[in-house]
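A.B. asks: 3D, please:
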Amino acid sequence: QVQLVESGGGLVQAGGSLRLSCAASGRTSSSNAMGWFRQAPGKEREFVAAINWSGSSTYYAAYVKGRFTISRDNAKNTVYLQMNSLKPEDTAVYYCAARIAGWASQSGAYDYWGQGTQVTVSS
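C.D. replies: Reported below is the predicted structural model:
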């Protein structure tokens, strides 16, 4: 089992920045691909970004590309999501997920999930 705990969410004005962290514990492995997803009220969970096991490859949804950056520190078993130029439409609960295999954009492909952290962007 792998436990994932997100932190760093909060309230920020449009145009501001936040950095989310996801700390992994348990049977962690640097071979896990990691992803960030988000879910706004009344909407389905959607892909935000993913990173491969080494951190050498990253993947982004079109609506965050150029504004968000995913990174990982395997020595700390932590994945980060730097969010810049935030917009009100970025408001959602953000979830960290781990996948034993390679990265994927489908939420159903991930094996482990955190509890989520709320991000609210005011206009």
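A.B. asks: C-alpha from now on. contacts and neighbour counts both.
C.D. replies: OK.
A.B. asks: ok, the spatially most central residue of the chain - contacts?
C.D. replies: By C-alpha atoms, centre = their mean, the chain has its centre lying nearest to W36, at 2.4 Å. Applying C-alpha atoms under 8 Å, 6 or more residues apart in numbering to W36 gives the contacts 47-50, 81, 94-97.
A.B. asks: Which residue is the nearest non-sequential neighbour of it?
C.D. replies: C96 (4.7 Å; C-alpha to C-alpha, 6 or more residues apart in numbering).
A.B. asks: Just confirm that neighbour contacts F37, I think it does.
C.D. replies: Yes - if you go by C-alpha atoms under 8 Å, C96 and F37 touch, sitting 6.5 Å apart.
A.B. asks: Under the pLDDT cut-off, which ranges of this protein? List them.
C.D. replies: 29-31 (pLDDT under 70).
A.B. asks: can you map out the strands along this protein?
C.D. replies: Taking DSSP state E, the strands of the chain run over residues 2-7, 10-13, 18-26, 33-39, 46-51, 58-60, 68-73, 78-83, 92-99, 112-113, 117-122.
A.B. asks: Give me the buried positions along the first one.
C.D. replies: Within strand 2-7, the residues that count as buried by 16 or more other C-alpha atoms under 10 Å are 3-7.
A.B. asks: What is the neighbour count of G55?
C.D. replies: 17 (other C-alpha atoms under 10 Å).
A.B. asks: Please report the distance of it from C22.
C.D. replies: 15 Å (C-alpha to C-alpha, to the nearest Å).
A.B. asks: In terms of packing, which of C96 and F37 has more residues around it?
C.D. replies: Comparing C96 with F37 by other C-alpha under 10 Å, the one with more neighbours is C96, at 31 against 22.
A.B. asks: and that one, what is it in contact with?
C.D. replies: 4-6, 22, 34-37, 113-114, 116 are the contacts of C96 under C-alpha under 8 Å, 6+ apart.
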